[in-house]
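A.B. asks: quick one: sequence and predicted model below, then my questions.
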Amino acid sequence: MTAQVFKRLFTPVALRGRMLRNRIVFGAHTANMAVEGLPTERHAAYYAERAIGGAAMIVVEPMPVHAAAVLTRGNFRHSDDSVIPHFRKVTDAIRSNGAIAIQQLYHVGQHSDADNSFHAGWSPSGLPSYHDSDGSHRMTEAEIEETIDGFVQAARRCREAGFDGVEVWAAYHSMLDQFWTPWSNRRDDRWGGSLENRTRMSREVMSRIRKECGEDFIVGLAINDEPEVEVALQREALAEIIALHDRDALMDYVTCGSGSYFDFHKLMPTFLYPEKLGADLASVLKSAVKHALVTAESHIRTPENAESVLSEGKADLVSIVRGQIADPHLAAKAAADRPQDIRGCLSCNQMCWGRRSRDYWISCVINPSAGREWEWGGDRFSPAERPKRVFVVGGGPAGLEAARVAAERGHQVVLAEASDRPGGQFRLAGLQPRRAQIVDLIDWYERQLSQLGVEVRYGAYVEAEDVEREGADHVIVATGSLPPEGAFQRALPQFDQIPGGGRALSAEAVMAREARPGKRVIVLDEGGNWKGCGTAWKLAEEGHEVTLVTPDPLVGKELQRTAADVPLRRNLARLGVRFVTESAIVHWEGAIARVASLLDGSERQIEADALVFAATNMAEDSLALELAARGIAFTAIGDCTAARQAAYAIHDGRKAALAL
């Protein structure tokens, strides 16, 4: 089928003698799935699903080229031919489903991680790491040659494993970028100083890969845009470097990302950043190259984003990474002119980068099959052997996913929701600043349920008698959770609520407009996540004078893993929000809060018109308890089993529906 909506996106393009079926790349990212350094069935199924879903080129997660380059627990083995037969499973899975298979090769240079590598970081000039507090080792010429050969031998293994090519990583101020950048390359030998010398290492790497792997082997290059960091290479300097490589046809394509170790938060930009971040640098490079194709990467979430980048002539290819983690069939749906059926990425980083940052394999909040394709059959559903009548109680994220997947499998589904709209408390999160993608997701669920013939009943408060009357073959209880009474603080476990008797408003009540705080508001953030921080942001945007109190050492502690905490704090500071950290509220009478330091016990008083608390909810399990008492079989999912984040509710919903 020929796409009518996204014509440029689905125009084939030649790359080193191969024809890409469209312009969509599933770009490199650390899935962190290796076991003892070897790719597994988890890898093969993960990449196969995106190839089945229509991506034209898949760049497999980076391979460290040397012992000094190891960065994560799930990294592949470096310098070891034993990986070759294992990678053949991955390349076969990609290529047999119509996509080109590339592997990224990387070396982080000075920004290494001794916790994983147990090796000193190697760098041009021995400068400190921005990954942690370690220093790095100034490389000798022999070590530079050793590293170059590491790239070449890694490329050889890729060729022998069936990859169509490699992508050489020079982005984010990595090893090769460190040699390019005068700030980090202070050498006075033939590897430093002039542009010719500073680019010698990358040119040697790429020319030797071509010689080793042959003329039909694709060689790409990855770089990044970092215009706000003074010492980083700016666009004009990068264009000169890329033009130098292109002059000798050293690469077949160049990929443009954003951020770096200097500003880590733009590497995987959350919804706090504008979209299409890689497109501006890509546009500059388009006018600097004669041979290489240019790929725009970074926060290009949707086919609409991608089509606009291509139609404006800013790039030849587009890399959509998190968008295809969230919906691996994004390309196929766009090709069929069905963009409304694409499950849109939330740009939240919670389960992709958030899990990777904790050294787990990645997944996705809204696509729990991500990383489990080998186990769950990807984002495709086999028909149920015996279709059943399924009654789902609760239209939050757990209930919506359970109803959708059950209906996808051919079951007859009724979904009962007590309120007048779907989404539950997840919808309230979508009302916080810049989080409307959550509301878009809920709208997507509504469309899917309608298309699948799910009967949705709003305003339906369900009790045990109603379940009995329904007479369903299977009952799924997804009744969610509720904010606790009062404001329990983990730092003061002896109190169920703040002493003093003053009324405390839940963040949920404030976001739902059930409660209207006055001008001066204290937000007590027990979770260190978006519930408290996003509510504080919303109130500050509306003109309230906000003081955010947290027991944590910094605001947004739990958001560190998603790379959202720093840009969040910048926005809160811009709006005048006051931060009171490592503290608890020891007394609240309704007008004055006594706030105690958890470090030295000193107290301060804060006058306020309202206190809003964001704390861990309590499971709403009353229906589950009623059903259990009557002996009615059911499956409980989501927050009604234990209050957690949306990712686990959606996971529960998927798992329950697959088990029917």
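C.D. replies: Received, thanks.
A.B. asks: could you check how far the closest residue to Tyr172 other than its chain neighbours is from Tyr273?
C.D. replies: Leaving aside its sequence neighbours, Tyr172 sits nearest to Ser260 (CB to CB, 6 or more residues apart in numbering; 4.4 Å). For the C-beta atoms, the positions are set from N, CA and C on the backbone; glycine is no exception. Distance, Ser260 to Tyr273, by CB to CB, to the nearest Å: 14 Å.
A.B. asks: surely His131 is in contact with Gly109?
C.D. replies: No: using CB atoms under 8 Å, His131 is not in contact with Gly109; the gap is 10.1 Å.
A.B. asks: which of the two has more neighbours?
C.D. replies: Neighbour totals were compared for His131 and Gly109, and Gly109 leads with 26 against 17 (other CB atoms under 10 Å).
A.B. asks: for that one, which non-adjacent residue is closest in space?
C.D. replies: The shortest distance from Gly109 to any non-neighbouring residue, by CB to CB, 6+ apart, is to Met175 (3.5 Å).
A.B. asks: cool, and Ala509?
C.D. replies: Leaving aside its chain neighbours, Ala509 sits nearest to Ala515 (4.2 Å; criterion: CB to CB, 6+ apart).
A.B. asks: which residues does that neighbour contact?
C.D. replies: Taking CB atoms under 8 Å, 6 or more residues apart in numbering as the criterion, Ala515 is in contact with Leu505, Ser506, Ala509, Ala610.
A.B. asks: which members of the residues you listed occur in helices, if any?
C.D. replies: Ala509 (DSSP state H).
A.B. asks: and stretch 468-478, how far apart are its ends?
C.D. replies: Start and end residues of stretch 468-478 are separated by 17 Å (CA to CA, to the nearest Å).
A.B. asks: mind telling me what element Arg447 is part of?
C.D. replies: Per DSSP states H and E, Arg447 falls inside helix 436-451.
A.B. asks: quick revisit: tell me the SS of the residue nearest to Ala509?
C.D. replies: coil (DSSP: H, G, I helix; E, B strand; the rest coil).
A.B. asks: can you report phi and psi for it?
C.D. replies: According to degrees, to the nearest 10, the main-chain angles of Ala515 amount to phi -140, psi 140.
A.B. asks: what's the separation between it and Pro483?
C.D. replies: As judged by CB to CB, Ala515 and Pro483 stand 11 Å apart.
A.B. asks: ok, back up a step: could you list the buried residues of the helix holding Arg447?
C.D. replies: Neighbour counts over helix 436-451 (16 or more other CB atoms under 10 Å) mark Gln437, Ile438, Leu441, Ile442, Trp444, Tyr445, Glu446, Gln448, Leu449 as buried.
A.B. asks: can you list contacts of stretch 583-603?
C.D. replies: Contacts to stretch 583-603, defined as CB under 8 Å, 6+ apart, come from residues 487, 489, 491-492, 498-504, 522, 524, 549-551, 580, 582, 604-609, 611.
A.B. asks: can you give the distance from stretch 139-157 to the centre of its chain?
C.D. replies: Chain-centre distance of stretch 139-157: 32 Å, with CA atoms, centre = their mean, to the nearest Å.
A.B. asks: let me see the mean pLDDT of that stretch.
C.D. replies: Rounded to a whole number, the mean pLDDT of stretch 139-157 is 98.
A.B. asks: same question, stretch 290-297
C.D. replies: 97.
A.B. asks: need the residues that contact that stretch.
C.D. replies: 13, 15, 25, 27, 220-221, 242, 245-247, 249, 251-258, 276, 278-279, 282, 285-286, 309, 314-319, 321.
A.B. asks: let's go with 7 Å and repeat that
C.D. replies: Applying CB atoms under 7 Å, 6 or more residues apart in numbering, the contact partners of stretch 290-297 are 13, 15, 25, 27, 246, 249, 251-257, 278-279, 282, 285-286, 309, 314-319.
A.B. asks: which among those end up buried?
C.D. replies: The neighbour count (16+ other CB under 10 Å) marks 13, 15, 25, 27, 246, 251-257, 278-279, 282, 285-286, 309, 314-319 as buried among the contacts of stretch 290-297.
A.B. asks: buried residues in stretch 168-183?
C.D. replies: For stretch 168-183, a neighbour-count test (16+ other CB under 10 Å) marks 168-181 as buried.
A.B. asks: also stretch 622-630?
C.D. replies: Quick answer for stretch 622-630 (16+ other CB under 10 Å): Leu623, Ala624, Glu626, Leu627.
A.B. asks: need the next SSE after the longest helix belonging to the chain, C-terminal direction.
C.D. replies: Assignment by DSSP H gives helix 141-160 as the longest helix of the chain. On the C-terminal side of helix 141-160, the closest following helix or strand by DSSP H and E is strand 165-169.
A.B. asks: angle of that next one against helix 141-160?
C.D. replies: Computed by axes from the mean of the first three to the mean of the last three CA atoms, to 10 degrees, the angle separating strand 165-169 from helix 141-160 equals 150 degrees.
A.B. asks: what's the average pLDDT for strand 165-169?
C.D. replies: Strand 165-169 comes out at a mean pLDDT of 98.
A.B. asks: hmm, who's touching it?
C.D. replies: With contact meaning CB under 7 Å, 6+ apart, strand 165-169 is reached by 16, 28, 59, 62, 102-106, 151, 155, 158, 205-206, 209, 217-222, 255.
A.B. asks: if you count contacts, what does the helix or strand just after it end up packed against?
C.D. replies: The helix or strand immediately downstream of strand 165-169 is helix 175-180, counting by DSSP H and E. Packing partners of helix 175-180 (3 or more CB pairs under 7 Å, 6 or more residues apart in numbering; DSSP states H and E): helix 200-213.
A.B. asks: buried set for the following helix or strand past the helix it packs on?
C.D. replies: Toward the C-terminus, helix 200-213 is succeeded by strand 218-225 as the next helix or strand (DSSP H and E). Residues Ile218, Val219, Gly220, Leu221, Ala222, Ile223, Asn224, Asp225 are the ones in strand 218-225 that count as buried (16+ other CB under 10 Å).
A.B. asks: still on that earlier bit, contacts for the longest helix of the chain, please.
C.D. replies: 63, 65-66, 79, 81, 83-84, 103, 105, 107, 122, 166, 168, 189, 191, 201, 204-205, 208-209, 212-213, 217.
A.B. asks: any idea of the angle that helix forms with strand 218-225?
C.D. replies: 120 degrees.
A.B. asks: what angle do helix 141-160 and helix 200-213 make?
C.D. replies: Using the same axes, to 10 degrees: helix 141-160 against helix 200-213 is 40 degrees.
A.B. asks: any idea how far helix 141-160 is from the chain center?
C.D. replies: When C-alpha coordinates are averaged (CA atoms, centre = their mean), helix 141-160 and its chain have centres 30 Å apart.
A.B. asks: same thing with stretch 392-405?
C.D. replies: Averaging C-alpha positions (CA atoms, centre = their mean) puts stretch 392-405 23 Å from its chain's average.
A.B. asks: who touches it?
C.D. replies: With CB under 7 Å, 6+ apart, stretch 392-405 has contacts from 381, 413-417, 422-426, 445, 448-449, 452, 454, 462, 476-480, 623, 637-638, 646, 649-650, 652-654, 656-658.
A.B. asks: please flag which of the residues you listed sit within helices.
C.D. replies: Those of these lying in helices (DSSP H): 425-426, 445, 448-449, 623, 646, 649-650, 652-654, 656-658.
A.B. asks: ranking these by neighbours, who comes first?
C.D. replies: Ala649 (31 neighbours).
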